[in-house]
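A.B. asks: model the structure of this input:
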Amino acid sequence: MPKVTVRYWAAAKAAAGVAEEPHDAATLAEALDAARARHPGELVRVLQRCSFLVDGDPVGTRGHETVRLADGGTVEVLPPFAGG
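C.D. replies: Numbers count the residues shown, from 1 in each chain. Got it, this is the predicted structure:
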């Protein structure tokens, strides 16, 4: 199982209570499920509005279960930012 770093920004960081954390996940869907399980509550709601980068590439509208993660990779969790 790949080990990835999930980095939270802005409202996601506030909801998770951490800037980043490791997860074992083969897909983006698995990483997000693990994050939801670790941080039930506000983060679950914030993730519904977020966009994601995997190793610097935008996920866009691809199904999260189809986005494969590489060992040592990074998932950036980006809530909507004011003005952008």
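A.B. asks: residues touching V46, list them.
C.D. replies: 11-12, 15, 79 (Cβ atoms under 8 Å, 6 or more residues apart in numbering). Where you see a C-beta, it was placed from the backbone N, CA and C, and this is true even at glycine.
A.B. asks: read off the pLDDT value for the closest residue to V18 other than its chain neighbours.
C.D. replies: Using Cβ to Cβ, 6 or more residues apart in numbering and skipping the chain neighbours, the partner closest in space to V18 is Y8 (6.8 Å). We have a pLDDT of 98 for Y8.
A.B. asks: helices of this protein, residue ranges please.
C.D. replies: In the chain, the helices defined using DSSP state H lie at 11-16, 28-38, 42-47.
A.B. asks: for G72, find the nearest of these.
C.D. replies: Of all those, helix 28-38 sits nearest to G72, with 13.3 Å by Cβ to Cβ.
A.B. asks: related to what we said a few turns ago, tell me the buried residues within the contacts of V46.
C.D. replies: For the contacts of V46, a burial check counting by 16 or more other Cβ atoms under 10 Å picks out 11-12, 15, 79.
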